[in-house]
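Peer 1: Starting from these lines, generate the structure:
(chains A and B)
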2 protein chains.
Amino acid sequence: MTTPTPSEQEREPAGTRPAPTRRRPGGRTARIRAQVLDAVLAELGEHGYDALTTDAVAARAGVHRTTVYRRWGDVGGLLADVLDAAGDDDWQPPDTGSLEGDLAALNQEIQTALTAEPPVVTALIAASFRSEKAADAQQRLWEDRYARCEVVVSRAVRRGELPSGTDARRLLLAATAPLYHQLVLLRTAPDPHLPGDAARTAALAAAAGAFAETRPAPDA
Amino acid sequence: MTTPTPSEQEREPAGTRPAPTRRRPGGRTARIRAQVLDAVLAELGEHGYDALTTDAVAARAGVHRTTVYRRWGDVGGLLADVLDAAGDDDWQPPDTGSLEGDLAALNQEIQTALTAEPPVVTALIAASFRSEKAADAQQRLWEDRYARCEVVVSRAVRRGELPSGTDARRLLLAATAPLYHQLVLLRTAPDPHLPGDAARTAALAAAAGAFAETRPAPDA
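Peer 2: Numbers count the residues shown, from 1 in each chain, chains lettered A, B, ... in the order given. Next up is the predicted model:
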């Protein structure tokens, strides 16, 4: 997978990369939203959260500051809308023909997103520690991405790779968690083996029955 | 495991909970350090990073602000010293007699630390997104904790539960990553099954040979 360029972002994500705002034809409101959210991503990637202000975003987007203020309120509102916009795409998880292959390809997308330059995805994750609105939106985005990924597990069940009743969410979390833990929290240098290793670990555990029992999610 | 009280903190940790500064007998310098670092933890737990200032810490610790400024420099320096002090203990991972038992007990300690009130551990993790000094110290602490945990794997090898040559670090990261991912990043409600589930998953994958191959760590 190549380094994502802005025009590729929409096809990139793995529950993490914010797609750029969609450029729907027509609508001044939609156009302004696209300009503003692109400006948020650019400011965040270049200067990080600390330098992010509604004024800087307005200036970069070429819109009036009161427009930004009235529509998004504050930096938290801007970040939340970036994250909500990122989920408004047609991303689907990879379909490689095997559980381990799908998980490895998914993990590769996550690793690419988490190590991209400028580090927009990690900056958004970091920002979610600063703003409740951003944290809620990041949570919604991840929830949506993991829900979309459940098809990886149902396909494996249909192929006979896994027993029916396998807990898709637990399997997906086990497969992807090492990427986030090592790259976001432990901040270890990217390991080219990690996406495949974590995929293989989850697939082996799944085959051994680790996720055979579906449990209701705890109340949030 | 019960909710940790301040006096229990030193026996609590799982690579995460900062032990309070040790109260070594004698030494005004050591006493001031203990007072100041305790004040940092208390301020952080009560008000979070945003309200953390060297002045507030000095006032709470009952020491002169110039003492704090001269010795720790800024908030990042204070947080880094809290994290370094947390590693200065004799914590060892649980020894339950089985790999899965050890991993489950370790994960239980991590879950307890990550869901404790006041949320000092998660506040320190959040702070590591704001301060390079804190990030470096958090990384040192985790590195030290994971290194101490490798005995869990070598004991399992000695018992014949795992093949020799099992990559201890990869196994430990796979076992613990879901806790951090779900509690720190995804912010899902604590699931009482999670520590045991993640332990079992890693143990099953290990038995299936997922970590049989030791790989050199990538250069940092």
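Peer 1: centre of the chain versus the helix ranked longest in chain A, how much separation?
Peer 2: Counting by DSSP state H, the longest helix found in chain A is helix A:132-158. Taking Cα atoms, centre = their mean, to the nearest Å, the mean C-alpha location of helix A:132-158 is offset from the chain mean by 9 Å.
Peer 1: quick one: that helix near chain B?
Peer 2: Yes: interface with chain B: helix A:132-158 contributes A:135, A:139, A:142 (Cβ under 8 Å from any Cβ of the partner chain). Yep, even glycine has a C-beta here, placed from its N, CA and C like the rest.
Peer 1: where exactly do the helices run in chain A?
Peer 2: Going by DSSP H, chain A shows helices at A:28-47, A:54-61, A:65-72, A:75-86, A:99-114, A:120-127, A:132-158, A:168-180, A:194-207.
Peer 1: Please look at residue A:172 and residue A:152 and confirm they touch.
Peer 2: Yes: taking Cβ atoms under 8 Å as the definition, residue A:172 is a contact partner of residue A:152 at 7.1 Å.
Peer 1: which of the residues of helix A:132-158 next to chain B tops the neighbour count?
Peer 2: residue A:142 (23 neighbours; other Cβ atoms under 10 Å in any protein chain shown).
Peer 1: Just the pLDDT at it, thanks.
Peer 2: At residue A:142, the model reports a pLDDT of 97.
Peer 1: isn't it right next to residue B:186, touching?
Peer 2: Yes: at 5.7 Å, residue A:142 and residue B:186 qualify as touching, with contact defined as Cβ under 8 Å.
Peer 1: Common neighbours of the two, please.
Peer 2: With contacts defined as Cβ atoms under 8 Å, 6 or more residues apart in numbering or on different chains, no residue is shared by residue A:142 and residue B:186.
Peer 1: the domain parsing of chain A - what is it?
Peer 2: A:6-86, A:99-207 (automatic domain parsing).
Peer 1: winner for burial among those?
Peer 2: domain A:99-207 (a mean of 21; mean count of other Cβ atoms under 10 Å in any protein chain shown).
Peer 1: so residue A:77 touches residue A:136, yeah?
Peer 2: No: Residue A:77 is beyond contact range of residue A:136, at 11.1 Å (criterion: Cβ under 8 Å).
Peer 1: Please name the residues that touch residue A:36.
Peer 2: Neighbouring residues of residue A:36 by Cβ under 8 Å, 6+ apart: A:57-58, A:61, A:63, A:68, A:71-72, A:78.
Peer 1: Make a markdown table out of the residues you listed and add distance to chain B.
Peer 2: Shown next, in a markdown table, are these (distance: Cβ to the nearest Cβ, whole Å):
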| residue | distance to chain B |
| --- | --- |
| A:57 | 21 |
| A:58 | 24 |
| A:61 | 26 |
| A:63 | 29 |
| A:68 | 23 |
| A:71 | 25 |
| A:72 | 21 |
| A:78 | 18 |
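Peer 1: remind me which residues of chain A are low pLDDT?
Peer 2: A:1-26, A:214-220 (pLDDT under 70).
Peer 1: now do 50
Peer 2: Where chain A drops to pLDDT under 50, the residues are A:1-17, A:220.
Peer 1: what sits against the residue nearest to residue A:83 when sequence neighbours are not counted?
Peer 2: Nearest residue to residue A:83, sequence neighbours excluded (Cβ to Cβ, 6 or more residues apart in numbering or on different chains): residue A:137, at 3.7 Å. Shown in contact with residue A:137 (Cβ under 8 Å, 6+ apart): A:79-84, A:128.
Peer 1: for residue A:46, same thing?
Peer 2: Residue A:46 touches residue A:118, counting by Cβ under 8 Å, 6+ apart.
Peer 1: what's the nearest residue to residue A:170 if we skip its chain neighbours?
Peer 2: Residue A:170's closest residue in space is residue A:211 (Cβ to Cβ, 6+ apart), at 4.8 Å.
Peer 1: If you tally nearby residues, what's the number for the one you found?
Peer 2: With other Cβ under 10 Å as criterion, residue A:211 counts 28.
Peer 1: Quick one: residues contacting it.
Peer 2: Applying Cβ under 8 Å, 6+ apart, the residues near residue A:211 are A:162, A:166-168, A:170-171, A:174, A:205, B:201.
Peer 1: ok, now with 10 Å
Peer 2: Neighbouring residues of residue A:211 by Cβ atoms under 10 Å, 6 or more residues apart in numbering or on different chains: A:153, A:162-163, A:165-174, A:202, A:205, B:197, B:200-201, B:204.
Peer 1: Now list whatever residues contact both of residue A:172 and residue A:152.
Peer 2: A:93, A:103, A:106.
Peer 1: Adding distance to chain B as columns, could you present these in JSON lines?
Peer 2: Shown next, in JSON lines, are the shared contacts of residue A:172 and residue A:152 (distance: Cβ to the nearest Cβ, whole Å):
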{"residue": "A:93", "distance to chain B": "17"}
{"residue": "A:103", "distance to chain B": "13"}
{"residue": "A:106", "distance to chain B": "14"}
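Peer 1: Of the contacts of residue A:137, which is the nearest to residue A:39?
Peer 2: residue A:82 (10.0 Å; Cβ to Cβ).
Peer 1: Isn't the closest one up against residue A:44?
Peer 2: Yes: the pair residue A:82 / residue A:44 is scored as a contact, 8.0 Å apart, by Cβ atoms under 10 Å.
Peer 1: and the nearest residue to residue A:179 once chain neighbours are set aside, how far is that from residue B:70?
Peer 2: Setting aside the residues directly before and after it, residue A:179 is nearest to residue A:110 in space (Cβ to Cβ, 6+ apart), at 4.8 Å. To residue B:70, residue A:110 is 44 Å away according to Cβ to Cβ, to the nearest Å.
Peer 1: repeat for residue A:145
Peer 2: Relative to residue B:70, and taking Cβ to Cβ, residue A:145 is found at 48 Å.
Peer 1: what do you get for residue A:109?
Peer 2: From residue A:109 to residue B:70 the distance is 48 Å (Cβ to Cβ).
Peer 1: again, but for residue A:74
Peer 2: 37 Å.
Peer 1: In contact with residue A:106, which residues?
Peer 2: A:14-15, A:93-94, A:96, A:145, A:149, A:152, A:172, A:175-176, A:179, A:195, A:198-199.
Peer 1: go again using 8 Å as the cut-off
Peer 2: Taking Cβ under 8 Å, 6+ apart, one finds A:14, A:93-94, A:149, A:152, A:175-176, A:199 in contact with residue A:106.
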